[in-house]
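S.K.: fold the following, please.
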Amino acid sequence: MKEWISGRNPVLEVLRAERRHNFRLRLARGNQPNAKLELISRLARERKLPIEVVERSQLDLIDQGHQGVAVETSTYPYVDIRDVFSYSKSQKEAPFFLLLDTIQDPQNLGTLLRSAEIMHVHGVILPIARTATITPSVVHASSGASEHLLIAQYNLAQAIKEIKAMDAWVIGLDESEQSKLPGELNLDMGIALVVGNEGEGLRDLVAKSCDHLMRLPMYGRIESLNAAVAGSIALYLARTARKV
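M.R.: Take a look at the predicted model:
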């Protein structure tokens, strides 16, 4: 299967990561000189990737937000959950995972992946069904961060059991008053953060499988944060709590 990834950051990260099989690069005729475009072109030449200069209208058919560049590539390379766990064990710190329980909006998924990569999450686990997957839109929304993450598709309840066996706490984000505040939890240890669906939150089985549920304090007039923002804040809190 092939797909087109467009946009300067996403295309650059696809080429930098070298995890996909790339087929050809398209550049819009009349692109203004730009350091990022020059880097993309250089990487393509180094990898002997065919470069086609086309009319901008051809790229418009791929994506209106193409920024003058697109790469034809293989579909996203998911990994086995064992690879995620092995990578975590190779890091010189406690486990750090992100589990996404039926996130369905591509923009939210992309934002969470971008935050996860910046916070050096060891791996991301998606459920097998009822979830957004790593499509070109998600790659674009993540600004290409998805290309540097290990992402597995797995049964979340089973994943939680296996993560607990690694001496990591599983903490689900939940807005209820019964949930603990960040200051009431020790985040300086092995952690798997679980972010629920945009509208329904965590599924019951997943919530019951968590060691703790955590809510973020709200100080303004808005009732709640969306899933992507809440998850990103929680990732930051977990990362900065670490002593390494």
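S.K.: could you pull out the helices for this protein?
M.R.: Ranges of helices within the chain are 8-17, 35-46, 56-60, 81-90, 106-118, 136-141, 156-164, 204-209, 227-240, based on DSSP state H.
S.K.: grab the nearest non-local neighbour of the residue most central in space within the chain.
M.R.: The residue at the geometric middle of the chain, judged as the C-alpha nearest the mean C-alpha position with CA atoms, centre = their mean, is Leu113 (1.9 Å). Among residues not flanking Leu113 along the chain, Ser142 sits closest, at 4.2 Å (CB to CB, 6 or more residues apart in numbering). (C-beta placed from N, C-alpha, C; glycine too.)
S.K.: quick check: phi and psi on the one you found?
M.R.: Backbone torsions for Ser142, taken as degrees, to the nearest 10, come to phi -90, psi 0.
S.K.: ok, it touching Asn108?
M.R.: No: with contact defined as CB atoms under 8 Å, Ser142 does not reach Asn108; the gap is 10.6 Å.
S.K.: the more surrounded of the two?
M.R.: Ser142 (27 against 22; other CB atoms under 10 Å).
S.K.: what residues are up against that one?
M.R.: For Ser142, the set of contacting residues under the criterion of CB atoms under 8 Å, 6 or more residues apart in numbering consists of 10, 109-111, 113-114, 117.
S.K.: from Glu162, how far off is it?
M.R.: 25 Å (CB to CB, to the nearest Å).
S.K.: also Asp63?
M.R.: On the measure of CB to CB, Asp63 and Glu162 end up 37 Å apart.
S.K.: tally of neighbours for the closest residue to Arg19 other than its chain neighbours?
M.R.: Computed as CB to CB, 6+ apart, the closest residue to Arg19 that is not its neighbour in sequence is Pro77, at 5.1 Å. Using other CB under 10 Å, Pro77 has 13 other residues around it.
S.K.: what does the one 4 residues further on give?
M.R.: The criterion is other CB under 10 Å. On that basis, Ile81 has 19 neighbouring residues.
S.K.: what of Ala207?
M.R.: Ala207: 18 surrounding residues under other CB under 10 Å.
S.K.: skip the chain neighbours and tell me the closest residue to it.
M.R.: When the adjacent residues along the chain are set aside, Ala207 lies closest to Gly172, with 5.6 Å between them (CB to CB, 6+ apart).
S.K.: which ones are touching the one you found?
M.R.: By CB under 8 Å, 6+ apart, Gly172 lies in contact with 101, 193-194, 196, 202, 206-207, 210, 212-214.
S.K.: what does Leu25 give?
M.R.: With contact taken as CB under 8 Å, 6+ apart, Leu25 is in contact with 11, 40-41, 44, 49-52, 69-72.
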